[in-house]
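> Here is my input, please return the structure:
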Amino acid sequence: MDAHEVNRLRAELELFVADVFASVPRKDQRGWGECYLRGLMLDGRRKSIQPMAARLPDGNMQALQQFVSQSPWDWTPVRRRIAERLCQAIRPEVWVVDDVSFPKCGKASVGVARQYCGALGKRANCQVAVSVHAATDTASCPLEWDLFLPGEWADDARRRKAAGVPEDVRHVPKSRLALGLLDRLADWLGRVPVIVADAGYGRSVSFRQSLEDRGWRYVVAVDPKEIVQMEAAEPYQVPYGGLGPPTRPCYREAARPLTDVVDATTSFQQVTWRQGSKGPMTSRFAVLQVRPAGKLARRAAQEQAGGRSRWDGVLPLRTLLVEQSENEAAPTGYWMSNLPATTPLADLVRFAKMRWRIEHDYRELKHGLGLDHFEGRTWRGWHHHVTLVTAAQAFLTLRRLDPKAPSRA
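Numbering: from 1, shown residues only. The predicted structure follows:
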């Protein structure tokens, strides 16, 4: 936006800030929050504090720096209010779980380490954040964030102290960070829609089982190497020979990887899930009922049954969605779901493909609103900046969804 457009929206922005930053105790802090949001929305190549302060007529670099990096205001109630407003406006069909990386130089910035960087497509020095986004076919926005703390930060007291990492924050896997975000959102918002995630999360059996334990529905991409039994397979009890512990039930048919479940009898249907920039997005899909049969899946089934001694050997059925386009000789995508078998194929495909909205959000957050432009190094500063960027994107999303808002020429 140029300065004229931002000034035209200033009254609405002030009302928005008064609502979502109502938990921030001081009036001057809320004022600098509104100023920071205007800086993020103004046109400009760089959205770090110094260039933003130079572009703003009331910008003050020192005051903005203090507000973001040092001021002790709590970001959690701000994010909660943003999530409440967005879910009321968007009415999301899915929550999308994913992570995003920020390339960094040096090793002083909080959470920075040499790890896989999606922005560069290789291992590099970067920060990684896990996020959950509300999404429909036409709108989306981030709801909650957490910064991934690599293992090398767990016991590095000097770096933790310098970056202001709280004592209770430890290194945990990204899937557990995602579950923590989902738990918070469920507590804030009550209703949990379908959970969507890529294979980075879907390949984790414990992640999928945790979603089921909470009673949540999901459609997540899975690794083609995952081992399954087909629906028709039945367990049988091996005769006990009288030595050692009793034998457990097993399947006569060997489990197979997902790459082997599609054969000549598999029925594919053509499905169009949305309109793309070059026309309808269309491909062929099939739905199969399978039983995840890997070691972790069997252990989860035993635990649900009350222990190995009470397990009857029957693995739970799950819905498998397979994509194979006409010009491909083999499937190109697999998704596992605990939605009922009666779920229409078109809905399964829409949910699975709705993950693209998170890429749209990351592009807008990074290229338009400076998500990865923050130059501070502290835990508090990073979370404040991400909260303010989320607020700016939420304001723009609400504007787009407002039927009374005048369209740009």
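
> And for Pro57, the neighbour number?
Burial of Pro57, expressed as a neighbour count using other CB atoms under 10 Å, amounts to 8. Where you see a C-beta, it was placed from the backbone N, CA and C, and this is true even at glycine.

> And the helices in the stretch 301-409 of the chain?
In the stretch 301-409 of the chain, the segments counted as helices under DSSP state H, counting those that start in this stretch are 345-353, 356-363, 379-401.

> Summarise which helices and strands the shortest one is packed against.
Right, helix 356-363. Packed against helix 356-363 by the contact rule (3 or more CB pairs under 8 Å, 6 or more residues apart in numbering; DSSP states H and E) you find strand 94-103, strand 122-135, strand 140-147.

> partner strands of the last one, parallel or antiparallel?
Counting by DSSP bridges, the strands paired with strand 140-147 are strand 122-135 (antiparallel).

> and the residue nearest to the spatial centre of the chain, what pLDDT?
For the chain, the residue nearest the mean C-alpha position is Val97 (1.9 Å; CA atoms, centre = their mean). The predicted structure scores Val97 at 97 on the pLDDT scale.

> On the pLDDT front, check the closest residue to it other than its chain neighbours for me.
Distance criterion CB to CB, 6 or more residues apart in numbering; nearest residue to Val97, sequence neighbours excluded, is Ala197 at 4.2 Å. We have a pLDDT of 97 for Ala197.

> right, and Ala197 touches Trp216 too?
No - Ala197 is not in contact with Trp216 according to CB atoms under 8 Å; the separation is 11.7 Å.

> Looking at those two, which has the bigger crowd around it?
Ala197 (29 against 16).

> Look up how far Val389 lies from that one.
Applying CB to CB, to the nearest Å, one obtains 22 Å for the distance of Ala197 from Val389.

> now do Ile195
Counting by CB to CB, the gap between Ile195 and Val389 amounts to 24 Å.

> for Gln324, same thing?
Using CB to CB, Gln324 is found at 39 Å from Val389.

> nearest spatial neighbour of Gly370, skipping sequence neighbours?
For Gly370, the closest residue by CB to CB, 6+ apart turns out to be Lys47, at 2.3 Å.

> Just give me the neighbour total for that neighbour.
If you count neighbours by other CB under 10 Å, Lys47 ends up with 25.

> Adjust the sequence numbering to begin at 407 for everything that follows.
Will do, 407 is the new start, and the previous item becomes Lys453.

> and it, helix, strand or coil?
Counting by DSSP: H, G, I helix; E, B strand; the rest coil, the backbone at Lys453 sits in coil.

> from memory it sits against His779, does it?
Yes - taking contacts as CB under 8 Å, Lys453 lies within contact range of His779: 4.4 Å.

> For the protein, just list every one of the strands.
All strands of the chain, identified by DSSP state E, fall at 500-509, 519-523, 528-541, 546-553, 600-603, 624-627, 633-636, 641-642, 656-657, 662-663, 675-682, 685-698, 724-729, 739-743.

> starting at the chain centroid, how far to the third one?
Here strand 528-541 shows a centroid-to-chain-centroid distance of 9 Å under the convention CA atoms, centre = their mean, to the nearest Å.

> go on, the first one?
Averaging C-alpha positions (CA atoms, centre = their mean) puts strand 500-509 4 Å from its chain's average.

> How about the last one?
In terms of CA atoms, centre = their mean, the centre of strand 739-743 is found 17 Å from the chain centre.

> what's it packed up against?
strand 624-627, strand 724-729, helix 751-759.

> Deepest-packed of these, please.
Among those, the stretch with the highest mean neighbour count (mean count of other CB atoms under 10 Å) is strand 624-627, at a mean of 24.

> count of residues packed around Val430?
By other CB under 10 Å, 21 other residues sit near Val430.

> what sits against the nearest residue to it once chain neighbours are set aside?
Leaving aside its sequence neighbours, Val430 sits nearest to Trp479 (CB to CB, 6+ apart; 4.7 Å). Trp479 makes contact with Ser429, Val430, Pro431, Gln435, His790 under the criterion CB atoms under 8 Å, 6 or more residues apart in numbering.
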